[in-house]
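Novice: Please work out how this folds:
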Amino acid sequence: QVQLAESGGGLVQAGGSLRLSCVVSGGAFNSMAWFRQAPGKEREFVAAMHWSSGYTRYTDAVKGRFTISRDNANDPVYLQMNSLKPEDTAVYYCAARPRVAGSIVEDEYEYWGQGTQVTVSS
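Specialist: All right, here's what the predicted structure looks like:
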């Protein structure tokens, strides 16, 4: 049974940093992504990667501040978040196995974690 487990969320002041982790059990996936859902809003794409090709993709709002990474296909996927802003406050979800590698479309991902809360205070 495939499970994704996020960790690393918390409360941080604006300008601070956090590193989220996503541990996968029961499978290994080349393509993974992070999404987030702010209060009262729909879940949105944040970052995706296709590990073997080195391909990464980010939403414009986080480019230059967030980095998605992993060391190999069996390692956790990380989301390093720097220069955090209050508008980054959301529940962050890890997702795996999209129908199209590097997809930004939520519905294309087969597996999801339960999410980790990130709160950025001003």
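Novice: my read: E110 touches A96, true?
Specialist: Yes - under the criterion of C-beta atoms under 8 Å, E110 makes contact with A96 at 6.9 Å. Placement of C-beta: from N, CA and C, glycine included.
Novice: The two: which is more packed in?
Specialist: Neighbour count, other C-beta atoms under 10 Å: between E110 and A96, A96 has more, with 21 against 13.
Novice: Give me the contacts around stretch 38-46.
Specialist: 33-37, 58-59, 62, 66, 79, 87, 89-90, 92-93, 104-106 (C-beta atoms under 8 Å, 6 or more residues apart in numbering).
Novice: Flag every buried residue along stretch 48-61.
Specialist: Neighbour-count burial for stretch 48-61 flags A48, M49, H50, W51, R57, Y58, T59 (criterion: 16 or more other C-beta atoms under 10 Å).
Novice: could you point out where the chain is predicted with low confidence?
Specialist: Filtered on pLDDT under 70, the chain yields no residues whatsoever.
Novice: How about the contacts made by R97?
Specialist: Applying C-beta under 8 Å, 6+ apart, we find R97 in contact with G27, F29, S31, Y109, E110, Y111.
Novice: helix or strand right after the helix or strand containing it?
Specialist: Counting by DSSP states H and E, the element that carries R97 is strand 90-98. Following strand 90-98 in sequence order, the next helix or strand is strand 109-112 (DSSP H and E).
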